[in-house]
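Engineer: What shape does this take:
(2 chains)
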Amino acid sequence: MNPLDIHPALVTDVLVRFLREELGSAGFSRAILGLSGGIDSAVSAALAVRAFGPEETLGVLMPYRTSNPDSEAHALIVADSLDMPVRKVDISAMVDGYLDQESVPEGMRRGNAMARARMIILYDLSEEWRGLVIGTSNKTEMLLGYSTLFGDSAHAVNPLGDLYKHQVFQLAEYLELPSEVIDKAPSADLFEGQTDEQELGFSYAAADKLLYPMVDLRYTEAQLIESGFDAEFVRLVAKRIIRNQYKRVLPPIAKLSHRTINQDFRYLRDWLA
Amino acid sequence: MDLRLTIAQTNPALGDFHKNLDDHLRQIRAATAEGADLILFPELSLTGYFLRDQVFDLGIDANGPELEPLRKLSMGISIVAGFVERAADGRLYNCLGFFEDGKLLSKHRKVHLVSYGMFDESRDFAAGDEWGVVESRLGRFGLFLCEDIWHLEGQYLRILEHVDAYLIGSAGPGRGVGPEGASEHPDLAGQGRLYADSTETAPEFESVRTWRSILTAAAIHGQCYVAWANRVGFEDGIAFAGSSAVHAPSGAQLGCIAGLDEGNLTVRLTGDELFRARQRTPLLRDARPWIVAKALGVRCDAPPANEPKGSVPADPTSASD
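Structural biologist: Reported below is the predicted structural model:
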């Protein structure tokens, strides 16, 4: 048994209630999310459909001209299996309008522009749909900082943020999601042939195996190395976690007054929900 | 003692005292109509839990007008409910009130504020410093607030006072979603550790499994009833784990509210069961508190510097002969 294993029935129950209650307290009962054809958005969609019903959950497909056609095909298979409505918005013209004008080179900047264009579309459509944007970021990628700030990291609530990738896979199996999204290599699909694991330089399985004792159980780097983890890998991952902290918190506010937002003006988001 | 205890497993609205009070009144009336003698609500049941700066707005006098509706209804049923108490000196306490016969008969200020991990109670509340006993017309009770029961001191003092039941109000979040034993003990060294397979029973949070162990042990050590009212619902993504339960003096669970739903549970508590349990296992008879007192006397010659009631704390920096 893998120590990261979860009770998928318990987790599903908690996350469905979480979505219902957190959206409900904000006055919403409809959800909207980007469907990428990957496993994370498929699991988020399945949870939202359980929470709000298929008619109340809108999946948005947002391909770019270089996107892998499989991504769209798999997103449609997911939507079909969940019986949920989809909407397709091609982001090529929108993104190219900026990229061409400013001659943005190939690589990360282009990928970030795509992720942020998708965020703009989701937040705009959420007004029309009268639903909130459901996040799809898992704990592994959030810890590693493998996301675009204000892009895929932007959402109203996130059901997957405390689940490692391994646990997302386990949930996907439990939720009986289509094998096409479970079996393929995870990819942000921001450039041709990209896979997450190739770009990260290690597998999600290896990352999870290390992150769990490091973060959840607070083993020290020295203890982890002694127990057999590769020293270079441990240091690399630890450094990534620290370097990407800025993506996981709100930006700092220069404190001037006696009562500063988020420092000594302290209220939950569910304040008088 | 022979009473019908109802546990109300509620989902308090954060910061909305009046909405929560209305819900209390509805549940109290229903329990009264069903013949309950005592109803137990969770921790901060009238306010919600992660209050942060709202705590200043919600603090009330324990005998103030806001609680008059509870006092009124306590003519027909004894009521235990949680609120933020603003003391005369301005200190704010996480408080559990025991209302009976039209008045606040007793109250418990949380002694063991929890301020680690996800919790930050010491920032918002002053800590209580008493382990009193409720001398109700129904029996003798010890009130606890959540973390209070994780420490042994309060239990021990109530054992010496031979209380009939511990009444615990709680806002315990659910943590840990793995199979029993797995995630606490990862197989770091690859030794192929074996884990208990708990797939046969309905899965529960690890934190709930821990609570069940504590409740069972508390009942056995105290040879008394243990009733735990834990809230449900979410506050900023944190799920309160419910699973409220009542345990007999033997430790056996008499009843439990399943999982994360609001609900209630009514259980009969009898002096006869207590008497027979204590006859079979006379732990109180064999208690040796003076040994403890002697040992603690050595350790506790300095008062805790934070809050001796009604007196100025001793200055730890002043010279003494």
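
Engineer: Next up, the contacts around residue 17.
Structural biologist: As the question left the chain open, I've gone with chain A. By CB atoms under 8 Å, 6 or more residues apart in numbering or on different chains, residue A:17 lies in contact with A:51, B:234, B:239, B:260. Any C-beta I mention is one placed from the backbone N, CA and C, and that applies to glycine too.

Engineer: right idea, wrong chain: chain B
Structural biologist: Residues counted as contacts of residue B:17 (CB under 8 Å, 6+ apart) are B:46-47, B:58, B:60, B:66, B:83.

Engineer: where's it relative to chain A, distance?
Structural biologist: Counting by CB to the nearest CB, to the nearest Å, the separation of residue B:17 from chain A is 11 Å.

Engineer: Among the contacts of residue B:17, which ones are in helices?
Structural biologist: residue B:58 (DSSP state H).

Engineer: Just flag the most distant two among the contacts of residue B:17.
Structural biologist: B:47 and B:66 (10.7 Å; CB to CB).

Engineer: before we move on, back to that, now, the contacts of residue B:17 that are in strands?
Structural biologist: Mapping these onto strands (DSSP state E) picks out residue B:83.

Engineer: ok, back up a step: show me the contacts of residue A:17 that map onto helices.
Structural biologist: Using DSSP H, the contacts of residue A:17 in helices are residue A:51.

Engineer: Put together a markdown table for the contacts of residue A:17, with neighbour count and pLDDT on each row.
Structural biologist: Listed next are those as a markdown table, based on neighbours: other CB atoms under 10 Å in any protein chain shown; pLDDT from 0 to 100:
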| residue | neighbour count | pLDDT |
| --- | --- | --- |
| A:51 | 23 | 98 |
| B:234 | 23 | 97 |
| B:239 | 20 | 97 |
| B:260 | 24 | 94 |
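
Engineer: what would the contacts of residue B:17 look like in TSV with pLDDT and distance to residue A:264?
Structural biologist: Listed next are the contacts of residue B:17 as TSV, based on pLDDT from 0 to 100; distance: CB to CB, whole Å:
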residue	pLDDT	distance to residue A:264
B:46	98	25
B:47	98	20
B:58	97	18
B:60	98	23
B:66	98	27
B:83	98	24
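
Engineer: quick revisit: comparing residue B:47 and residue B:66, which residue is more hemmed in?
Structural biologist: residue B:47 (25 against 16; other CB atoms under 10 Å in any protein chain shown).

Engineer: got a list of what that one touches?
Structural biologist: Counting by CB under 8 Å, 6+ apart, residue B:47 has contacts B:12, B:14-15, B:17, B:20, B:54, B:58, B:82-84.

Engineer: if we go to 7 Å?
Structural biologist: B:12, B:15, B:17, B:20, B:58, B:83-84 (CB atoms under 7 Å, 6 or more residues apart in numbering or on different chains).

Engineer: Residue B:144 now?
Structural biologist: B:154, B:166, B:168.

Engineer: And it, its phi and psi?
Structural biologist: Per-residue torsions, residue B:144: phi -130, psi 150 (degrees, to the nearest 10).

Engineer: Pretty sure residue B:141 sits in a helix.
Structural biologist: No. Per DSSP: H, G, I helix; E, B strand; the rest coil, residue B:141 lies outside any helix segment and is strand.

Engineer: can you pull the pLDDT of the residue nearest to it when sequence neighbours are not counted?
Structural biologist: Nearest residue to residue B:141, sequence neighbours excluded (CB to CB, 6 or more residues apart in numbering or on different chains): residue B:134, at 4.2 Å. Residue B:134 carries a pLDDT score of 98 in this model.

Engineer: and residue B:134, backbone torsions?
Structural biologist: Torsion angles, degrees, to the nearest 10, at residue B:134: phi -90, psi 120.

Engineer: Which elements pack onto the helix or strand where residue A:205 lies?
Structural biologist: Using DSSP states H and E, residue A:205 falls within helix A:204-211. Here helix A:204-211 touches helix A:139-144, helix A:165-174, helix A:231-243, going by 3 or more CB pairs under 7 Å, 6 or more residues apart in numbering or on different chains; DSSP states H and E.

Engineer: What's the mean pLDDT across the last one?
Structural biologist: What it means is helix A:231-243. Taken as a whole, helix A:231-243 has an average pLDDT of 97.

Engineer: With adjacent residues omitted, what lies nearest to the closest residue to chain A within the stretch 1-150 of chain B?
Structural biologist: Going by CB to the nearest CB, chain A is nearest to residue B:52 of the stretch 1-150 of chain B, at 4.0 Å. Ranked by CB to CB, 6+ apart and with sequence neighbours excluded, the top spatial neighbour of residue B:52 is residue A:266, at 4.0 Å.

Engineer: can you check residue A:4 too?
Structural biologist: Spatial nearest neighbour of residue A:4, chain neighbours left out: residue A:166 (4.8 Å); criterion: CB to CB, 6+ apart.

Engineer: From residue A:229, how far out is the one you found?
Structural biologist: Using CB to CB, to the nearest Å, residue A:166 is found at 16 Å from residue A:229.

Engineer: re earlier: what residues does the residue of the stretch 1-150 of chain B closest to chain A make contact with?
Structural biologist: Residues in contact with residue B:52 (CB under 7 Å, 6+ apart) are A:266-268, B:124.

Engineer: just the buried members of the residues you listed?
Structural biologist: Buried subset of the contacts of residue B:52 (neighbour count, 16 or more other CB atoms under 10 Å in any protein chain shown): A:266-268, B:124.

Engineer: related to what we said a few turns ago, ok, the residue nearest to residue B:52 touching residue B:53?
Structural biologist: Yes. With contacts counted by CB atoms under 7 Å, residue A:266 reaches residue B:53, the gap being 4.8 Å.

Engineer: thinking again about what came up before, list the contacts of the helix holding residue A:205.
Structural biologist: By CB under 7 Å, 6+ apart, helix A:204-211 touches A:4, A:140, A:143-144, A:164-166, A:186, A:197, A:224, A:229, A:233-234, A:237.

Engineer: run the last query once more with 6 Å
Structural biologist: Contacts of helix A:204-211 with the rest of the structure, by CB atoms under 6 Å, 6 or more residues apart in numbering or on different chains, involve A:4, A:140, A:143, A:164-166, A:229, A:237.
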